[in-house]
Structures are given as structure tokens and as C-alpha cells.
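# Here's my sequence, what's the structure:
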Amino acid sequence: MNSKLRPGINHIEFWVSDLEQSIKFYYSFLSLIGWKKISDLSFSDGMMIIYFIEMKGVEKVRSLGIRHLCFQATEKGQVDQVSQALAILGAEVIRGPKIMPYSKDYYTIDFYDPDGQVIEVAHTPFSNMGS
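You can find the predicted model right below:
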């Protein structure tokens, strides 16, 4: 077994209607929480990669599957910075930033990306992950 590999998600691929718009949108908040742009169509946090592929003419439909994707903020203030970046972009915020009762000091903002995907950025210092 390769000791450098560990269980986890290797990458996520987003199909988007407008690549330039989506890269600009995601860069506006991912850069605030430690993600780096590693190519014209991808970002990485050093352990995972997110790719964006432009798919013209593909209809977004409501279906079963993943409801949303949550990005970890390492500091509470990053959630507020994300909120400010979203306001500048005119993004539709679902809720937040606000404290939620999921765990002690869970601070979050939920919003829609340009194609209507639900995205969350949360600071979860006392989450029950891994227990």
C-alpha cells in the first residue's frame, strides 16, 4: 500500500454552463479559505482537486443525489469574508452567515453558485467529524 495515499475524495468535477463565470465565482471565495487555482479550470486545497468543465446546452434538472457541497473554513472570520465576496458578486445567499446548532460554534453561509448548485462554507471547530 502506498503510504502517501489515504482514503478520501480524489476530485470533484462540476459541469457548468459558463466556465469563465464559474471560475471567477469560485475563485472569489475559494481563495479566501485556502484553495489555490492550479489551472484555467481547476482548484486544489493540496489534497483534493475541483475541476470545472463547460457544458453548453445541458439542462439542469432537479434529481436525487448530492444536495450541497460544504467547504471548510479554518477560521470563523473567513465565513464573513466569503459573505462579503458573495455580496459583491450579487450571489443569492440561502442563509447566513450564522451560527447553527449542528455542533458548538458551527458558523456557516449557504448560497447558490451561478448554475444553481447549493454551496456551503462553514467553520466547524467542534464538529463530530471522525468520532
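
# Against residue 113, how distant is residue 53?
14 Å (CB to CB, to the nearest Å). Backbone N, C-alpha and C define where each C-beta goes, glycine included.

# more crowded one of the two?
residue 113 (18 against 12; other CB atoms under 10 Å).

# Just give the closest residue to the more buried one, not the sequence neighbours.
In space, and not counting its chain neighbours, residue 113 is closest to residue 119: 5.4 Å by CB to CB, 6 or more residues apart in numbering.

# OK, contacts around the one you found?
Contacts of residue 119 were listed using CB atoms under 8 Å, 6 or more residues apart in numbering, and they are 68-71, 110-113.

# Put the buried members of those into a PyMOL selection.
Remark: buried members of the contacts of residue 119, expressed as a PyMOL selection using 16 or more other CB atoms under 10 Å:
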select buried, resi 71+110+111+113
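
# The residue nearest the centre of the chain sits in which helix or strand?
Nearest to the mean C-alpha position of the chain, by CA atoms, centre = their mean, lies residue 71 at 4.4 Å. Following DSSP states H and E, one finds residue 71 within strand 68-72.

# Can you give the strand pairings for that strand, parallel or anti for each?
strand 118-123 (parallel) (DSSP bridges).

# Please point out which parts of the strand it pairs with sit buried.
119-123.

# Next: stretch 58-67.
Buried-residue list, stretch 58-67, by 16+ other CB under 10 Å: empty.

# returning to what we had before: now the contacts of residue 119 as CSV including pLDDT and distance to residue 12?
Converted to CSV, the contacts of residue 119 look like this (pLDDT from 0 to 100; distance: CB to CB, whole Å):
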residue, pLDDT, distance to residue 12
68, 93, 12
69, 95, 7
70, 96, 12
71, 96, 11
110, 98, 18
111, 98, 17
112, 97, 17
113, 97, 12
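
# Just name the closest of the contacts of residue 119 to residue 57, please.
Of all the contacts of residue 119, residue 57 sits closest to residue 113, with 18.5 Å by CB to CB.
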